[in-house]
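Asks: can't give you the sequence, but here's the structure:
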DNA sequence: GCAAAATCTTTACAGTGTAAAAATTGCGAC
DNA sequence: GTCGCAATTTTTACACTGTAAAGATTTTGC
């Protein structure tokens, strides 16, 4: 994982140069508890600052660049500072994934509520699923590709379970039946697995660039959205308006 | 990536102890060019030995344990030996992925040829897809999850393109039409994307343990295979025998 | 106001990838 | 045959990484 970039060296050198003199302007000084004006040894809300820094690093350098030390640098604190708030890298990544799931859920719910017909609701939610991943590929990677997730953390567990519940509810609605919380028929389970597999598989393949071979063979610049729409309409019982 | 396992230390210590004395029995001495009996400085076929070692490491320690140095240790050579054969970690992983794709293709072709009816061929291939991933989760991870793949390498490009060609051919057959090599209708593209997304998505979710929530809600120990079968039969035009 | 707890920094260590130099061996020209 | 060059392997070095432990600083409870 040794990065060959020159920028990191520069950053590190700057941080080291900065070290001896601890002046006011050199700290971000996000929020403070009581007094205002000088730089605190205690950050005030480092936990939140680290999560925001992590998101920036993720968007900028991708999943491979999301390291504990890089996040600490981005937040302007020592490399060991995150330990107290997240334990280890798994902890930080898990909390970040929880945030991602919450954003993800919000986008899906908004899409669902933008339509009235059950089938159209499903279509809109699926498109929102893919759109979220395209807009936040790093986050999607953290949520679905990272090997370092700790689902025993309540925040992550709750957020991901909410996503699953939304999916189940959508399928139930499109089938116009009630789905029990703790028991499924094989038919119901298959419908849920089908919907999720279809959308998740498409998203993964798309983000990995494995659909370019297909897209290139389509008429002059057909977008991935169009392919997704065609794929979904062929998989749905009766797409209204087709 | 600092591992906390004690075993690695032991391994390293042993390797270091082993270093000064270079006796015959201490080298695997796989294949040799001419003379037989003593241990060569040149391995003879280190490239192949490294790939086999990599597969062992992958099966034993998972994707996270697949490091250049671990592979070199497993093969009994210095940590820099792989460089000459693969360049860097990306090179090794890419060649390993190519091997995985070839095994993968063989399994899919065998499944396809085990059936006669086009739809059943598709079903059998899909099941072979998931079965391969379940039998070789590490390999599947290298092929589809690793961020370090270099598709400019001919071996990997050819093997993965063969996989895609097999998929396209299967879809064409099940639709009972010929699919051109360099142009697709939106309908055809959607059918290909649908088949691949469905199977790949299911596989990914299954390997990540994200389907356990569904499987647990099914009647007493329904297997993932059964869920897969139900999912596929609901997605296919006319499953014969249902 | 002061001791304890919380928070952050320093220091240290084992592991990683990768580059470069040194060592060893195989091979072809002669 | 042997000599030199090229291929292969090892050694050494460096910049990263995660994580643990100890020290420094500030907040907070009493």
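Replies: That came through, no problem. What you see is a predicted model, and the numbers here were worked out from it, not measured in a lab.

Asks: ok, the spatially most central residue of chain A - contacts?
Replies: With the centre of chain A defined as its mean C-alpha position, the nearest residue by C-alpha atoms, centre = their mean is residue A:139, 2.9 Å away. Going by C-beta atoms under 8 Å, 6 or more residues apart in numbering or on different chains, residue A:139 touches A:55, A:58, A:96-97, A:99-100, A:103-104. C-beta coordinates here come from the backbone N, C-alpha and C atoms, glycine included.

Asks: can you do 10 Å?
Replies: A:55, A:58-59, A:63, A:96-97, A:99-101, A:103-104, A:132-133 (C-beta atoms under 10 Å, 6 or more residues apart in numbering or on different chains).

Asks: ok, residue A:116 next?
Replies: Residue A:116 neighbours (C-beta under 10 Å, 6+ apart): none.

Asks: on that earlier part again, dump the contacts of residue A:139 into a markdown table; add distance to residue A:74, neighbour count and pLDDT as well.
Replies: Shown next, in a markdown table, are the contacts of residue A:139 (distance: C-beta to C-beta, whole Å; neighbours: other C-beta atoms under 10 Å in any protein chain shown; pLDDT from 0 to 100):
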| residue | distance to residue A:74 | neighbour count | pLDDT |
| --- | --- | --- | --- |
| A:55 | 10 | 20 | 98 |
| A:58 | 10 | 23 | 98 |
| A:59 | 11 | 14 | 96 |
| A:63 | 15 | 16 | 97 |
| A:96 | 13 | 26 | 98 |
| A:97 | 18 | 27 | 98 |
| A:99 | 16 | 19 | 98 |
| A:100 | 18 | 25 | 98 |
| A:101 | 22 | 24 | 98 |
| A:103 | 20 | 15 | 98 |
| A:104 | 23 | 25 | 98 |
| A:132 | 23 | 22 | 98 |
| A:133 | 23 | 22 | 98 |
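
Asks: what is the nearest of these to residue B:229?
Replies: Using C-beta to C-beta, residue A:133 is the member of those that sits closest to residue B:229, with 28.1 Å.

Asks: tell me how far the closest one lies from residue A:197.
Replies: 15 Å (C-beta to C-beta, to the nearest Å).

Asks: quick one, helices of chain A?
Replies: With DSSP state H applied, chain A shows helices at A:6-18, A:46-65, A:68-75, A:81-86, A:89-113, A:118-135, A:137-144, A:154-175, A:186-207, A:212-216, A:224-233, listed in chain order.

Asks: could I get those helices as a markdown table with distance to residue B:178?
Replies: A markdown table is the format used below for the helices of chain A (distance: least, C-beta to C-beta, whole Å):
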| stretch | distance to residue B:178 |
| --- | --- |
| helix A:6-18 | 52 |
| helix A:46-65 | 40 |
| helix A:68-75 | 51 |
| helix A:81-86 | 56 |
| helix A:89-113 | 38 |
| helix A:118-135 | 30 |
| helix A:137-144 | 36 |
| helix A:154-175 | 34 |
| helix A:186-207 | 24 |
| helix A:212-216 | 17 |
| helix A:224-233 | 20 |
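
Asks: confidence-wise, which of those is weakest overall?
Replies: Least confidently modelled of these is helix A:6-18, at a mean of 34 by mean pLDDT.

Asks: relative to DNA strand D, how far out is residue A:177?
Replies: 45 Å (C-beta to the nearest atom of the strand, to the nearest Å).

Asks: that residue reaches residue A:188, doesn't it?
Replies: Yes - the pair residue A:177 / residue A:188 is scored as a contact, 7.9 Å apart, by C-beta atoms under 10 Å.

Asks: so what's the closest residue to residue A:180 other than its chain neighbours up against?
Replies: Distance criterion C-beta to C-beta, 6 or more residues apart in numbering or on different chains; nearest residue to residue A:180, sequence neighbours excluded, is residue B:217 at 8.0 Å. The contact partners of residue B:217, by C-beta under 10 Å, 6+ apart, come to A:168, A:179-185, A:188-189, A:192.

Asks: can you check residue A:109 too?
Replies: Counting by C-beta under 10 Å, 6+ apart, residue A:109 makes contact with A:125, A:128, A:162, A:166, A:169-170.

Asks: please check the residues you listed and keep the buried ones.
Replies: A:125, A:128, A:162, A:166, A:170 (16 or more other C-beta atoms under 10 Å in any protein chain shown).

Asks: let's have those residues in a markdown table, adding distance to residue A:46.
Replies: Output for those, formatted as a markdown table (distance: C-beta to C-beta, whole Å):
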| residue | distance to residue A:46 |
| --- | --- |
| A:125 | 36 |
| A:128 | 33 |
| A:162 | 27 |
| A:166 | 32 |
| A:170 | 38 |
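
Asks: between the residues you listed, which is closest to residue A:226?
Replies: residue A:128 (16.1 Å).

Asks: and the closest one, what does it touch?
Replies: Contacts of residue A:128 by C-beta under 10 Å, 6+ apart are A:104, A:106-112, A:114, A:199.

Asks: only whichever of those are buried, select them in PyMOL.
Replies: Here is the PyMOL selection string for the buried members of the contacts of residue A:128, based on 16+ other C-beta under 10 Å:
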select buried, chain A and resi 104+107+108+109+111+112+199
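
Asks: next one: whatever residue of chain A ends up closest to chain B from residue B:79, what distance?
Replies: Among the residues of chain A, residue A:201 lies closest to chain B, at 2.5 Å counting by C-beta to the nearest C-beta. Taking C-beta to C-beta as the measure, residue A:201 falls 38 Å from residue B:79.

Asks: filter the contacts of residue B:217 to the buried ones?
Replies: A:168, A:179, A:184, A:188-189, A:192.

Asks: any chance of those residues in JSON lines, with distance to residue A:75 too?
Replies: Shown next, in JSON lines, are the buried ones among the contacts of residue B:217 (distance: C-beta to C-beta, whole Å):
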{"residue": "A:168", "distance to residue A:75": "37"}
{"residue": "A:179", "distance to residue A:75": "43"}
{"residue": "A:184", "distance to residue A:75": "44"}
{"residue": "A:188", "distance to residue A:75": "45"}
{"residue": "A:189", "distance to residue A:75": "44"}
{"residue": "A:192", "distance to residue A:75": "40"}
